[in-house]
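**Q** I'll drop the sequence and a predicted model, then ask my questions.
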Amino acid sequence: MADSYDVIVIGGGPGGYVAAIRAAQLGLKAAVIEREHLGGICLNWGCIPTKALLRTAEVYHLMQNASAFGLSASGVSFDLAQVVKRSRAVAAQLQSGVKHLLRKHKVAVVEGHGRLAGKGKVAVTRDGKPVAELSAKHIILATGARPRVLPGLEPDGRQVWTYREAMVPESMPKSLLVVGSGAIGIEFASFYRTLGAEVTVVEVLERILPVEDEEISALARKAFERQGMKILTSASVKALKKEAAGVSATIASAGGETKVAAERVILAVGIDANVENLGLEGTGVGLERGRVAVDPWMQTGEPGVYAIGDLTGPPWLAHKASHEGVICVERIAGLPSVRPLDAKRIPGCTYCRPQIASVGLTERAAIESGRSVKVGRFPFIGNGKAIALGETEGMVKTVFDAKTGELLGAHLIGPEVTELIQGYAVARTLETTEAELMHTVFPHPTLSEAMHESVLEAYGHAIHI
């Protein structure tokens, strides 16, 4: 294996391996250094296997409600070991696919831990022993992040879980305490609740899914509570006592303290960037709030060293990391068409039941930015396809600049909205106004018609409401 490259990527997650493949496509000699599994957390322990779990929960829910569709299904149950096995198989299949893609594009893969070792050099160790020293003019840091740990809530892999343990349970907990109500926490809460666990969610902020539009957040809470979840907001875990049968948590809020007993706890309070042991000392690579600081082209303060993905801060999304990897490499290659990433055009998705998706500014953020806005809403109960599917919960909300007609944001909760959101993401990228969206022909009968109706409703032209 040659030890000199044009581009070396430290980290083989969705940012790193995509950057390496794009570099190879552009004629650059590329290598990826990965210490664990190609595909990173997303493919192996995040995005992909959790969606497999959630698909199982979705099918289970449908089977339990078969009578609503004129069907009969008795004795519906699940085999947890097989549920987990399928999830792991899905991850393994995709990891194999990533290996194939890297081979196809002749990207060198080096197993081990990579760290900067001087100007244009990367040292690779495995089990603490040196195995290689590589060199490149351009080095991309793509080491991702890990679960954040709170004092007193340190995961032990048995009673207090991170997402890793939550993905491969040996037995089904009868009760579960989820600390944190972002996408990770809510997805696990949704999965376990659908399979029958008693679930309590604790959120320190005043509402769940705090990055989402307030109206969507409120609808989500109502939906989850109807499913039987207990949700505590403006609350925090003051103390956690481990007992033989599970844990006893003391929850503090403005109303005082309450006790919550649960068999297991899932800690989902955010992530911390993996900046340790990267050889950043003595370089120009700067840190801001524990994350690597970069310019719009992913360049750090050290010439020839770049950083992408979770390492650089929010939004912590795989597709953001992949896009940053492409931008970084295309800038290195000197492509004239490359442009910086606009984070406001990145869609976000939460795969709970009902699904949640959004892109752009929330209504509050748009108003606080000084804009006058027009807001449209359309409920799925008014959509023929949603009624046929038996999935009428939720709505589509659109936010426009009242003066220019620019689509500022879109916020959806309901059936398959994680697939629908891309329509609005494209519209945002094309700087679409209400006029283009109004004149777009949406097929019938589809869930996407609700997207059209929301736009029409913002301007008083909705037909089916």
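**A** Looks like it came in fine. What you see is a predicted model, and the numbers here were worked out from it, not measured in a lab.
**Q** low-confidence ranges in the protein?
**A** Counting by pLDDT under 70, the chain contains low-confidence ranges at 1-2.
**Q** Longest strand in it, please.
**A** Scanning the chain for the longest strand, with DSSP state E as the assignment, gives strand 129-141.
**Q** Okay, now the sheet partners of that strand, with direction.
**A** The partner list of strand 129-141 in its sheet, established with DSSP bridges, is strand 4-10 (parallel), strand 121-126 (antiparallel), strand 305-307 (parallel).
**Q** moving C-terminal of it, what's the next helix or strand?
**A** From strand 129-141 onward toward the C-terminus, using DSSP states H and E, the following helix or strand is strand 145-147.
**Q** helices or strands up against that following strand?
**A** Using 3 or more CB pairs under 8 Å, 6 or more residues apart in numbering; DSSP states H and E as the contact criterion, the elements in contact with strand 145-147 are strand 271-273. Quick note: C-beta positions are derived from backbone N, CA and C, even for glycine.
**Q** Which residues belonging to the strand it packs on are considered buried?
**A** Applying a neighbour-count criterion of 16 or more other CB atoms under 10 Å, the buried positions in strand 271-273 are 271, 273.
**Q** and whichever helix or strand comes after that strand, how far out from the chain's middle?
**A** Following the chain from strand 271-273 toward its C-terminal end, the next helix or strand by DSSP H and E is strand 287-288. A distance of 22 Å separates the C-alpha centroid of strand 287-288 from that of its chain, computed with CA atoms, centre = their mean, to the nearest Å.
**Q** Show me the contact partners of strand 287-288.
**A** By CB atoms under 8 Å, 6 or more residues apart in numbering, the surrounding residues in contact with strand 287-288 are 275, 280, 293, 313.
**Q** among these, which ones are buried?
**A** With neighbours counted by 16+ other CB under 10 Å, those contain buried members at 275, 280, 313.
**Q** Can you give me the neighbour number for residue 123?
**A** One way to gauge burial is a neighbour count; for residue 123, by other CB atoms under 10 Å, it gives 18.
**Q** residues near the closest residue to residue 214 other than its chain neighbours, how many?
**A** Distance criterion CB to CB, 6 or more residues apart in numbering; nearest residue to residue 214, sequence neighbours excluded, is residue 364 at 6.2 Å. Using other CB under 10 Å, residue 364 has 13 other residues around it.
**Q** So residue 364: helix, strand or coil?
**A** Residue 364 carries the three-state label helix when classified by DSSP: H, G, I helix; E, B strand; the rest coil.
**Q** for the most centrally placed residue in the chain, what are its contacts?
**A** Taking CA atoms, centre = their mean, the centroid of the chain lies closest to residue 317, which sits 4.6 Å from it. For residue 317, the contact set (CB under 8 Å, 6+ apart) comprises 346, 348.
**Q** And the helices in the stretch 301-450 of the chain, which stretches?
**A** Counting by DSSP state H, counting those that start in this stretch, the stretch 301-450 of the chain has helices at residues 318-333, 363-368, 384-389, 417-429, 434-439, 449-458.
**Q** Redo the contacts of strand 287-288 as a markdown table? Include distance to residue 252.
**A** Formatted as a markdown table, those follow (distance: CB to CB, whole Å):
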| residue | distance to residue 252 |
| --- | --- |
| 275 | 31 |
| 280 | 37 |
| 293 | 35 |
| 313 | 29 |
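**Q** Need the max-distance pair from these.
**A** Taking every pair in these and measuring CB to CB, the maximum separation is 15.7 Å, between 280 and 313.
**Q** For residue 126, list each beta-bridge partner.
**A** In this structure, residue 126 bridges to residue 129 when assessed by DSSP bridges.
**Q** measure it to residue 449 for me?
**A** To residue 449, residue 126 is 55 Å away according to CB to CB, to the nearest Å.
**Q** Comparing these two, which residue is more hemmed in?
**A** For the pair residue 126 and residue 449, the greater number of neighbours falls to residue 449 (21 against 13), based on other CB under 10 Å.
**Q** isn't that one right up against residue 442?
**A** Yes: the pair residue 449 and residue 442 qualifies as a contact (CB atoms under 8 Å) at a distance of 5.0 Å.
**Q** Out of the helices of the stretch 301-450 of the chain, which is the most enclosed?
**A** Compared across those, helix 449-458 shows the largest average neighbour count, a mean of 25 (mean count of other CB atoms under 10 Å).
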